[in-house]
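*Asks:* Fold the following and give me the result.
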Amino acid sequence: MFLVSQLPFDPESSWVPEFCRRLRMRRQGRFWFPPENEPDIFALFSRRALYDALIADQSKSAIANLVSTSRPKPPIPAKPSGIGTKQSEPSEAPASDNELDPLQLRLAEVLQDIAEKQEMLMKLEDEISDIHNDNANIKEGFASDSEKLMVFLEDPEQMKAKILGFITESDVRLEKMEAEFKDSREKLLLDLRELQNQQSQQSLCSKEQILKNHAKLEELRSEIERNSSLAEKLKSRLEQITKTDLDRSLMIHRIMEMTGSIQKQDQEIKKVILENLGVQRELKWLTQTLHRTFNTIEESLFKETDDPKGERAYKLFGKLHSTCMISVEAIEQNGALSRQNEELVDLIEIEKQQHFDEQLNRIQMDLDVIEKENARLEQLQAQNHS
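*Replies:* Residues are numbered from 1 along each chain as shown. Okay, the predicted model is just below:
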């Protein structure tokens, strides 16, 4: 009765049904309703759903789910017969008052619950706005990896398990890398030892080669000294030899004759080469013609081998063919022998020229002796004149 006395109730005011009040509050934004395909208490089962609702800017639905209860909605009472009408008969007023007492109590309770929930809703909306502001400030203060941090904060147990797994995997990788490092270090040490051995062997070989080169250098130096002394002797001897005046025109004429004879010989050699090439071409053509002729005759005789005379002619032709081939080979051998004969003649001439060089050397030595004798006689003659 205390609650009923506090509630302003005007019996003559127009009665508004429950669904109209719901529609009006929904239109004004003061009435929460769950989203599609979701129950009325979908956010009471886990904090994760509340966090998702807050992140997705669905604060009203989440807060309303917090304050909602699992009990069914109260039934909408029927329209009282006395509300909105004037009291026509005073005799019926006590009965209607007795009927309205439980309804008024129920209405007072409902209105009180609605007022409390509205206050809680306003408080929660203020808290949500503060949380949104704090989240915005935190997001602004975060670095570029804030998304990863948020993921970590959303599910710390899973991230902890992932980090522990990563640490164990890193330990395994570290052990594997250490083993690989040891293996590679041993291989590199073996390679280094092999290279050191090769380097030592190469250094020994290079030292031996250097010693050999030093010995060769000493030999070359001694030979250069001998050659230089010999060159000085020859130079002094050349200076001692008196230069005789030669007839240049005679030498030029002699050189021209020699060059002319060489040119004539060259022309004759070219002619002989051309003749040889012509003869070779003619021989090749004749041999090819001979082979073609023999092949044609052989084919024609082979067709007549059924007859004894044809068979005999074929055999005789085969003997003739072999005899011709033997004669051709004999001619070729004769040519080869003639070429060998010419080569031997050339070798004999070369040997003769070598003997001629020996004779020239002997004559040069005799000339040197004569020049020395002449010089000695000139000195004696000069002494006699003095």
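
*Asks:* Next one: Leu274 from Leu124, what distance?
*Replies:* Relative to Leu124, Leu274 is positioned 124 Å away (Cβ to Cβ, to the nearest Å). (C-beta placed from N, C-alpha, C; glycine too.)

*Asks:* Show me which of the two is the more surrounded one.
*Replies:* Leu124 (19 against 10; other Cβ atoms under 10 Å).

*Asks:* Now that one: phi and psi?
*Replies:* phi -70, psi -40 (degrees, to the nearest 10).

*Asks:* for Asp306, same thing?
*Replies:* phi -70, psi -30.

*Asks:* Compute the number of surrounding residues for it.
*Replies:* 7.

*Asks:* Now do the same for it: its pLDDT.
*Replies:* According to the prediction, Asp306 has pLDDT 78.

*Asks:* Please report how far it lies from Tyr314.
*Replies:* For Asp306, the distance to Tyr314 - Cβ to Cβ - is 11 Å.

*Asks:* Over to Ala231?
*Replies:* For Ala231, the distance to Tyr314 - Cβ to Cβ - is 82 Å.

*Asks:* Tell me which of those two has more neighbours.
*Replies:* Neighbours were counted for Ala231 and for Tyr314 using other Cβ under 10 Å; Tyr314 has more, 18 against 10.

*Asks:* can you pull the contacts of the more buried one?
*Replies:* For Tyr314, the contacting residues are Glu298, Leu301, Phe302, Glu304, Thr305, by Cβ atoms under 8 Å, 6 or more residues apart in numbering.

*Asks:* Next SSE downstream of the biggest helix by length in the chain?
*Replies:* Taking DSSP state H as the criterion, the chain has its longest helix at helix 156-240. Using DSSP states H and E, the helix or strand that follows helix 156-240 in sequence is helix 248-303.

*Asks:* remind me which residues of this protein are low pLDDT?
*Replies:* 1-24, 26-100, 139, 141-153, 241-248, 353-356, 385-386 (pLDDT under 70).

*Asks:* Domain map for it?
*Replies:* Domains of the chain are assigned by automatic domain parsing as 2-82+96-153, 155-232.

*Asks:* State the helix or strand in which Glu373 lies.
*Replies:* helix 308-385.

*Asks:* tilt between that helix and helix 156-240?
*Replies:* 60 degrees (axes from the mean of the first three to the mean of the last three Cα atoms, to 10 degrees).

*Asks:* list the contacts for Leu234?
*Replies:* Contacts of Leu234 (Cβ under 8 Å, 6+ apart): none.

*Asks:* I'd like the distance between it and Leu217.
*Replies:* Following Cβ to Cβ, the distance that separates Leu234 from Leu217 is 25 Å.

*Asks:* ditto for Leu301
*Replies:* Counting by Cβ to Cβ - Leu301 and Leu217 are separated by 81 Å.

*Asks:* of those two, who's got more company?
*Replies:* Leu301 (18 against 10).

*Asks:* what residues are up against the more buried one?
*Replies:* Here Leu301 is in contact with Gly310, Ala313, Tyr314, Phe317 (Cβ under 8 Å, 6+ apart).

*Asks:* ok, now with 10 Å
*Replies:* Residues counted as contacts of Leu301 (Cβ atoms under 10 Å, 6 or more residues apart in numbering) are Gly310, Glu311, Arg312, Ala313, Tyr314, Lys315, Leu316, Phe317, Gly318.

*Asks:* Using a markdown table, lay out those together with distance to Glu343.
*Replies:* Formatted as a markdown table, those follow (distance: Cβ to Cβ, whole Å):
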| residue | distance to Glu343 |
| --- | --- |
| Gly310 | 49 |
| Glu311 | 48 |
| Arg312 | 47 |
| Ala313 | 45 |
| Tyr314 | 43 |
| Lys315 | 42 |
| Leu316 | 41 |
| Phe317 | 39 |
| Gly318 | 37 |
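
*Asks:* List only buried entries from these.
*Replies:* Buried by 16 or more other Cβ atoms under 10 Å: Ala313, Tyr314, Phe317, out of the contacts of Leu301.

*Asks:* Spatially, what comes nearest to the first one if we skip its sequence neighbours?
*Replies:* The spatially closest residue to Ala313, leaving aside those adjacent along the chain, is Leu301, at 5.6 Å (Cβ to Cβ, 6 or more residues apart in numbering).

*Asks:* mind checking how far that neighbour is from Asp307?
*Replies:* Applying Cβ to Cβ to Leu301 and Asp307 gives a distance of 10 Å.

*Asks:* Pro102 too?
*Replies:* Where Asp307 is concerned, Pro102 sits at a distance of 151 Å (Cβ to Cβ).

*Asks:* go on, Ser236?
*Replies:* Taking Cβ to Cβ, one finds Ser236 at 98 Å from Asp307.

*Asks:* tell me the secondary structure for Thr305?
*Replies:* What DSSP: H, G, I helix; E, B strand; the rest coil gives for Thr305 is coil.

*Asks:* right, and it touches Glu299 too?
*Replies:* No. If you go by Cβ atoms under 10 Å, Thr305 and Glu299 don't touch, sitting 11.1 Å apart.
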